[in-house]
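> Got a sequence here, can you model it:
(chains A, B, C, D, E and F)
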Number of protein chains: 6
Amino acid sequence: MLRLKTPGHERFFQSPEFEATFGGGEANVAVALSNYGLNSGFVTALPDNDIGQHAINEVRRFGVDTSMIRRSGDRVGIYYLESGANQRPSKVVYDRAGSSICECGPGDFDWAKIYEGARWLHITGITPALSQTAADLSLECVKEAKKAGVTVSCDFNYRGKLWKYGKTAPEVMSELVKHVDVGIANEEDCQKSLGISVDVDVEAGELDTRKYEALSEKVLELYPDMKTIAITLRESMSADRNGWSACLRERGGDFKLSRRYEITDIIDRVGGGDSFASALIYGLNAYEDRQQSLEFAVAGSCLKHSILGDFNRVTVDEVEKLMGGDGSGRVQR
Amino acid sequence: MLRLKTPGHERFFQSPEFEATFGGGEANVAVALSNYGLNSGFVTALPDNDIGQHAINEVRRFGVDTSMIRRSGDRVGIYYLESGANQRPSKVVYDRAGSSICECGPGDFDWAKIYEGARWLHITGITPALSQTAADLSLECVKEAKKAGVTVSCDFNYRGKLWKYGKTAPEVMSELVKHVDVGIANEEDCQKSLGISVDVDVEAGELDTRKYEALSEKVLELYPDMKTIAITLRESMSADRNGWSACLRERGGDFKLSRRYEITDIIDRVGGGDSFASALIYGLNAYEDRQQSLEFAVAGSCLKHSILGDFNRVTVDEVEKLMGGDGSGRVQR
Amino acid sequence: MLRLKTPGHERFFQSPEFEATFGGGEANVAVALSNYGLNSGFVTALPDNDIGQHAINEVRRFGVDTSMIRRSGDRVGIYYLESGANQRPSKVVYDRAGSSICECGPGDFDWAKIYEGARWLHITGITPALSQTAADLSLECVKEAKKAGVTVSCDFNYRGKLWKYGKTAPEVMSELVKHVDVGIANEEDCQKSLGISVDVDVEAGELDTRKYEALSEKVLELYPDMKTIAITLRESMSADRNGWSACLRERGGDFKLSRRYEITDIIDRVGGGDSFASALIYGLNAYEDRQQSLEFAVAGSCLKHSILGDFNRVTVDEVEKLMGGDGSGRVQR
Amino acid sequence: MLRLKTPGHERFFQSPEFEATFGGGEANVAVALSNYGLNSGFVTALPDNDIGQHAINEVRRFGVDTSMIRRSGDRVGIYYLESGANQRPSKVVYDRAGSSICECGPGDFDWAKIYEGARWLHITGITPALSQTAADLSLECVKEAKKAGVTVSCDFNYRGKLWKYGKTAPEVMSELVKHVDVGIANEEDCQKSLGISVDVDVEAGELDTRKYEALSEKVLELYPDMKTIAITLRESMSADRNGWSACLRERGGDFKLSRRYEITDIIDRVGGGDSFASALIYGLNAYEDRQQSLEFAVAGSCLKHSILGDFNRVTVDEVEKLMGGDGSGRVQR
Amino acid sequence: MLRLKTPGHERFFQSPEFEATFGGGEANVAVALSNYGLNSGFVTALPDNDIGQHAINEVRRFGVDTSMIRRSGDRVGIYYLESGANQRPSKVVYDRAGSSICECGPGDFDWAKIYEGARWLHITGITPALSQTAADLSLECVKEAKKAGVTVSCDFNYRGKLWKYGKTAPEVMSELVKHVDVGIANEEDCQKSLGISVDVDVEAGELDTRKYEALSEKVLELYPDMKTIAITLRESMSADRNGWSACLRERGGDFKLSRRYEITDIIDRVGGGDSFASALIYGLNAYEDRQQSLEFAVAGSCLKHSILGDFNRVTVDEVEKLMGGDGSGRVQR
Amino acid sequence: MLRLKTPGHERFFQSPEFEATFGGGEANVAVALSNYGLNSGFVTALPDNDIGQHAINEVRRFGVDTSMIRRSGDRVGIYYLESGANQRPSKVVYDRAGSSICECGPGDFDWAKIYEGARWLHITGITPALSQTAADLSLECVKEAKKAGVTVSCDFNYRGKLWKYGKTAPEVMSELVKHVDVGIANEEDCQKSLGISVDVDVEAGELDTRKYEALSEKVLELYPDMKTIAITLRESMSADRNGWSACLRERGGDFKLSRRYEITDIIDRVGGGDSFASALIYGLNAYEDRQQSLEFAVAGSCLKHSILGDFNRVTVDEVEKLMGGDGSGRVQR
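Residues are numbered from 1 along each chain as shown, chains lettered A, B, ... in the order given. Alright, predicted model coming up:
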């Protein structure tokens, strides 16, 4: 997906210019995992034109395998982004209708080949929101993954502006999530993607972590094949200042709550959830101790807030340094 | 239409940045006419989102009346532009499917109100290329103009990459052009939009003006209600160097050939045809002498090649100075 | 007025570049009102050269009526701006002497025509500071407005660097303010423009709102024709962090104090007062409840601090969302 | 003088940005001479504000002595510049009224101190065009130079948009030029600054060098104390392509005509005359052979056309390489 | 190698900014070949720091295999580049001493693994110019290639500013070239790298192709194992305008001379030779007909002159379109 | 030293661009002192190429005397800088090996001439870290200063990544510091440059000022010729938010602790220590009262955190305004 962002904190068209980079849920996760030193690939469809080619190039730059990308369809989806500041929120205008992936459906990908040698699939709730065929394809994708013995993680990612083809998010997602091993969400995603309600006010300040405990229990109850659920806790004080933490529960394990980071001069919030998902995937694979896994996920995504663009450009060393307690921001020289 | 151009002469995504301006045939003509001091308005459809609003703002900046613009649909059409240099041509990637105007059709505009007090309508062959409904709307638009006593000019503008909805350009355009008073075209447009063939090789150097004489005659023959036909003669030596002239024939008048300009350091060719159309409209209204009208059109569009962006940002004084023979480029101070 | 700002937070000439936009008290108010959906016009004088024309174009872009602008004189006034950060204040260097408006005087504008159909005039204390003729013109302007039954608001706006033609601010302003219906000021403006003193230390932290109550009373006492006085309360902790609130008193009404906003990552403070004035004008017209009017004014101007440039680029929806309590800065998607 | 140029070849305010550099006749000459390794100083007046200070800093960067600059007055003069392309000329909008130097007059500079140890004074016809006091000051300046035994060169530099204070250029300049040792001009300067007419059409192509021979003779005849006259021959084919050469006559010497350069992709023409003046001053001092002096002047100013900004950023080595015949533009590595 | 170029045509430090891209002979060839759809890899040494990593990323973006790059040493070599214009040449300042590759020597690379499955090695005369160990490594590299049955091409690339470690270019290169199958050079490279002299004046205009015929014969004579020699013919009229063609001789074949391109608005000359080498390698592999191979090489490198940066960003389709005669630069839409 | 910084807060190579400015300990101090109105000169070695020349020009711009700079060696040292944000620290990659100053040694500078008329020498612990010859030169430099009666200040500046030539910092620095009159350091410098340990945890929050008292005592004890020691106290909460204060002890005087500044939106931390050193030198010379000297040093360096680039671009007036208590950041107009 092409991301067209205004320069700095400008509103749309203050300058006749867009920062033009690429991003989107699954791409963001693939890039971050490659930055953590894992082998990752990106599976999507992109048109056979220059814009499609450069979407591939940009992901390839980080070492992501792009050989499984299908070249079909007519356009690369776009989102326009205006960066907020203090009380003014960032603003996203989607222009994704008719993009290549919207027009794909079941049968368009050779899953056997894709999953050969693979260990993990990550998918988000954004793809099934795009079109009926994309939803069908998403379901096929996770089912085939399970069949191939591949672990499936899914970020439920609710995007209200996208669900327009006649189905509600819970209708589609509750089916898809049945096949998920590791669920990833924020409170609003649980509520709007899965229809699981809790009464935490997302606009407010201090968060009640007991609600999150209840919420994670409820998700595991409703989805008996899910092994792990991780939920992020964002406290939005302003566009520039957020509290950031997360919790995790494994089936049969304790409810674990991470350290909380105060992020006071946010550079870019977009992609924050994806950076959590990717750091969690790394953490679940790299550490036996689930508290460590969770802390890696939170520290990795905390750092994302200091980085412009959708992609999380950090290394394992950098994340572990922050996990280890050094968030002082002293010059490294 | 949003125009996303790479900086300078860069190929796509050499820098993570696009120059983001607005343009498109009819908007370009409206802006240029307003710059010439005429009252002009722009009739189109744009989505009710920030991108649509800024398309309006940008046109309004030049004093164009935007009160007749319909707010409907989901997206602003886009074209990606990479600026060529010497032997490397400029490259356009269209992303216009699903734009607001594509989804409009007959009945969506209140022509009676729009044509109240209007004297001239300009339309291009690009709109009917977008969709069947847009083609129907275009036909309605010109018929209603004629009914209201409004003069109609049309730039035949053939765009091969656009005609995808099942009709060929000549099928649609030959009907529409029946209602046109002033036809505007280049040689390729005549051939591909109207199916009128002549054997001038558009890739080659020196042009045979007698062919143009024949061509203009043929157009007037085939379209008995057309009063005037004007054809531009572009000689492309390289992306930076073109010869530029035009010819005009009024029904019952002589074939007139303009002065020829050698343009050696082209800044931006895109919108060149529209700048010719607008300067011709001005010229036909401002000068009795048709040679003068034509010279204004050619000089006005010659200057466009020195201006970045789709819009022709020149005044009548500047064009008349060039018509008067001063193309020396001496500093004005 | 042309605003030449250094890029980002750079000091003058760190880079050989200026951001070049337009602004100035009355223009800022006209643009903001147009953004709120009201019909607004801008009355000023600008030279008949390219810089003057583009000042017009930039205001016209927002839908402001520019047909009443007089084209005369030789230059567009300039202010150079260097954006501060933390303990380093922003710095303004004025270069306004000899600008077109400085050289205008009584008789230069056709007030009858200007006020035809108008409901509201807004003027600032900056224009009368420029020259004796500009002061005379300002007085004529407000008197004619009153005669035409037009409501007059005035931002007292004290600018110490400008009053150089031999009169003090109170000498001129106390006469002009007699004709004002709605007075707008900060504490320093009251003191230095009108000579009304209170002992609030503008450099200090917590503000004593009772002083503001007394101050507003005093203004209404001294100017018996004034119906409403609104005063902004800015607490400057640093160039990046301000407290922001305001109070309002209507003749015969209660003293009303607004909600207070903590603004922690200011993008641009310049134009903050104008954004308050424009939002107040909107608020006074849109809401019966004066507390609501005031809250709109404060919320609208709070948002201005997040926007680069003199103009307040916000909509009624955005302001009302903040008034309604959502200042969390969550991404809108 | 502050130079505010649009980016690239953009027309005014296509982007909200100006390139902000410093320039102006005498500054340009001082900088170029310092780049040639000579000791040079710049004498002017600049306001005691940040803009004035940075004008000093920018000149000081090149090693020019700025200790003789007077800090007085209120503003730095400005010129707005829009860079032309092919048939569209570059455009200058002056905003110099009220600048510090305009308000200086005789007695404001301590010439005895300034000329102590000095060998050469260079002045242009622009300063006397600004105001009566500046004209008087200019005359004082050259008279005092002659008295101090300092050689005086003067670029007659006619700027029609400036002479506004009631005197014509010839009235003032013909007096000032009486004290000049080395006159520098183009054909138009001779005609409009000194009132010496010849009939060369400056808009046309091929130049008749015999006219220049006559012209130089006539200047020396009229100004019996002038020792040398040098005239540049610019053939403007377009904003991007000029022919460039010059001629020189010493009293009692032959008429010398330089090599002619074809400059085909001009980067910046502004300051071209000043680069000729400075290279001529260097050439007259460095070479016995006047043909060499002239060739240095023409080669040095030919190179200026490849350099953005008013200042000529070239070394003696680079100029001599071009004089020696290498204009091939091969990469130096 | 990091390339630090001034913006546009600016001289060093006119703006406090460098365009920062990567390039260098062998990298340029690897990228171009990947753009032509071939599998290519890049073998070099880069330090294990961020700058080294991003050099890898940038090459990887184009699909080049970077798995054979050695991470060692302390720094990435740099070249500073100032882009020339008309008579002012581009200027390169090298800063390559102490770079990672300079400090590598024989034994540092596992050639057996590198050449496994490889068909072609390309090397330039720049690497052996850097240090004695780099020269020894270069020799090892080509010998091992020959042993592994890999075809070896070498661009003789003479860089006078580099040969500083005590050997002359011919001493080293004449040994290395013994192992080369395909020699690539310009006239100066033959002379200065190999010590083969011909009397063509590289500063002059029209080229005498018979000399090139003699030169190519002489090279093949002196290097009996060389199968093919290709020589580029650049005619430098100015920094912006060059003639461009080439010749090729296969042992036992005819002397073939390519079509000549007039390149009139050069965007970037640097990397022109590398773009010829890469297009020649493609051409020799893709076409039986050696004239075709040569024409591809010349057309491919002609296009490079329109592209900013060291890398040639063109496809086979684009090159073949130009080979087929379309150099008209018409907009592709 | 050339400073290559990524734009804004970008990580390396997110955009193909570096901000390119100059900096480095001693240069930063010379520039700041010149900005404070003192006569200062910069003594170093720079290569005789364009990059070296522009390093000189940039310092000369601020009025620093550059006539004592030696032109020798091959390269200008570089540091790459990536600007941190919140929990992500800024990152410096050094590329200084082989720079001109590294290759200088004793005897290369004419100290007698350099110290003629000089009153103060400032040196940092960075130069002796570069090479053995640079360390020897540094020692010669301070010894000669003392011999010439010049006061010597030294910022101990520990840079762990630099000490690579076989000596440890304390081995070299403890000898050099014997000749220092005014020592300047932070806690880590004392420990790592001089081997004086105290147990303050530099990553933590609140600082124990008694430790600093002990530390300063210890330094004065160990270096009996040192007259004054000043130590900065930085509390790093994040990359954007620091506490900033300092302490000073004169031999025989009280321990003085400065006011503490909370810096919440840091623009650039690099050069913070140098800005303290230069403001301290000014303060020691300008004020009798050592508390005042210290407060000037802390206020001056507090302001540096609001300024992009190595150089501290502030005036005495600005620093004294902050010392006087105005850190409110109100717009100056």
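> where along chain A do the helices fall?
In chain A, helices defined by DSSP state H lie at A:25-35, A:50-60, A:111-115, A:132-147, A:169-176, A:187-194, A:209-222, A:272-286, A:290-304, A:316-323, listed in chain order.
> any idea of the mean pLDDT for the shortest one?
Mean pLDDT, taken over the full extent of helix A:111-115, equals 97.
> re earlier: got JSON lines for the helices of chain A, with distance to B:G273 and mean neighbour count too?
Quick note: C-beta positions are derived from backbone N, CA and C, even for glycine. Shown next, in JSON lines, are these (distance: least, CB to CB, whole Å; neighbours: other CB atoms under 10 Å in any protein chain shown):
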{"stretch": "helix A:25-35", "distance to B:G273": "39", "mean neighbour count": "26"}
{"stretch": "helix A:50-60", "distance to B:G273": "23", "mean neighbour count": "21"}
{"stretch": "helix A:111-115", "distance to B:G273": "47", "mean neighbour count": "16"}
{"stretch": "helix A:132-147", "distance to B:G273": "39", "mean neighbour count": "19"}
{"stretch": "helix A:169-176", "distance to B:G273": "47", "mean neighbour count": "19"}
{"stretch": "helix A:187-194", "distance to B:G273": "49", "mean neighbour count": "22"}
{"stretch": "helix A:209-222", "distance to B:G273": "59", "mean neighbour count": "16"}
{"stretch": "helix A:272-286", "distance to B:G273": "44", "mean neighbour count": "26"}
{"stretch": "helix A:290-304", "distance to B:G273": "47", "mean neighbour count": "25"}
{"stretch": "helix A:316-323", "distance to B:G273": "53", "mean neighbour count": "19"}
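> Relative to chain D, which of those is closest?
helix A:50-60 (23.4 Å; CB to the nearest CB).
> Does the closest one reach chain E?
Yes - against chain E, helix A:50-60 shows contacts by CB under 8 Å from any CB of the partner chain at A:N57, A:E58, A:R60.
> Give me the number of neighbouring residues for A:G166.
Residues near A:G166, counting by other CB atoms under 10 Å in any protein chain shown, number 8.
> That one: what's it in contact with?
When contacts are counted by CB atoms under 8 Å, 6 or more residues apart in numbering or on different chains, A:G166 touches A:Q132.
> how much space between the residue positioned nearest the centre of chain A and chain B?
Nearest residue to the geometric centre of chain A (CA atoms, centre = their mean): A:D274, 2.6 Å. From A:D274 over to chain B the distance is 19 Å, taken as CB to the nearest CB, to the nearest Å.
> what's the closest non-adjacent residue to whichever residue of the stretch 201-333 of chain A sits closest to chain E?
Scanning the stretch 201-333 of chain A for the residue nearest chain E gives A:T315, at 9.5 Å (criterion: CB to the nearest CB). In space, and not counting its chain neighbours, A:T315 is closest to A:N35: 6.3 Å by CB to CB, 6 or more residues apart in numbering or on different chains.
> just checking, that neighbour touches A:V59?
No - with contact defined as CB atoms under 8 Å, A:N35 does not count as touching A:V59 (11.7 Å).
> Quick one: name the residues of chain A near chain C.
So far as CB under 8 Å from any CB goes, chain A lies against chain C at A:8-11, A:14, A:79, A:84-92, A:94, A:159-161, A:202-203, A:236-241, A:264-265, A:269-270.
> let's go with 7 Å and repeat that
Neighbours of chain C within chain A, by CB under 7 Å from any CB of the partner chain: A:9-11, A:14, A:84-92, A:159, A:161, A:203, A:236, A:238-241, A:265, A:269-270.
> among those residues, which are within reach of chain D?
Of the residues of chain A next to chain C, not one also sits near chain D (CB under 7 Å from any CB).
> Filter those down to the ones in strands?
A:K91, A:V92, A:S236 (DSSP state E).
> so can I have JSON lines of those residues showing neighbour count and distance to chain E?
Below are those laid out as JSON lines (neighbours: other CB atoms under 10 Å in any protein chain shown; distance: CB to the nearest CB, whole Å):
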{"residue": "A:K91", "neighbour count": "19", "distance to chain E": "30"}
{"residue": "A:V92", "neighbour count": "17", "distance to chain E": "27"}
{"residue": "A:S236", "neighbour count": "21", "distance to chain E": "32"}
